[in-house]
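Novice: The sequence and its predicted three-dimensional model are supplied below.
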Amino acid sequence: MMRGIDIAVIEGPEMVSTRAGDGGNPPELYQMKQYYPGAPGLPENQTLKLLRMSFPGMGVWESYFLPVSEFVPGDVSCRVKPILTMNERMVDPGLISFSPQSVRAWQYNSVSDGLWNPDGKSMKDWYKSMREKGAELVKRYYRFQPQLFERPQK
């Protein structure tokens, strides 16, 4: 079981904003609530530098679930891969409310009807598509540790 990790990566660019519904025009301050992360961009004069990070803890995920990939945090390959950053507003409400790739459990108050359900689907159809996306991700990545099944069988 992992008891914390120290990694070294290349400090990469910050994610750029894309406004919901407009193909990525630069954000205006009064419209920031409708933006979510778009493609990463590296300004011409920005240089990448080594960034060291430490994550203390006991790896609770791995106590219950198998790893989602063969990637091992802290691997030497990390030292040549830039890590992308985004500001808090890009996460909430950006990813949570406005990103078309996000899976949502319900309509958030911050999202207008037009952005939340642009195709005008019925509630039943909208929930069905969200649940199908979510179920696919869970099926692909959430695999229980074998000992969780072994113990109850004894």
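Specialist: On my side now, so go ahead. Source: prediction; values computed, not measured.
Novice: got a list of what the closest residue in space to Ala105 that isn't next to it in sequence touches?
Specialist: Distances taken as Cβ to Cβ, 6 or more residues apart in numbering put Met130 closest to Ala105, at 7.3 Å, once the chain neighbours are dropped. (Each C-beta comes from the backbone N, C-alpha and C, glycine too.) If you count contacts by Cβ atoms under 8 Å, 6 or more residues apart in numbering, Met130 has them with Val103, Arg104, Ala105.
Novice: of the residues you listed, buried ones?
Specialist: Arg104 (16 or more other Cβ atoms under 10 Å).
Novice: quick one: which of the contacts of Met130 is nearest to Trp116?
Specialist: Taking Cβ to Cβ as the measure, Trp116 lies nearest Arg104 of the contacts of Met130, at 8.0 Å.
Novice: so the closest one sits in a strand?
Specialist: No. Secondary structure of Arg104 (DSSP: H, G, I helix; E, B strand; the rest coil): coil, not part of a strand.
Novice: Contact partners for it?
Specialist: Ile96, Trp116, Met130 are the contacts of Arg104 under Cβ under 8 Å, 6+ apart.
Novice: quick one: low-confidence parts of this protein?
Specialist: The chain contains residues with pLDDT under 70 at 1-4, 13, 15-16, 18-34, 40-43, 45-46, 110, 115.
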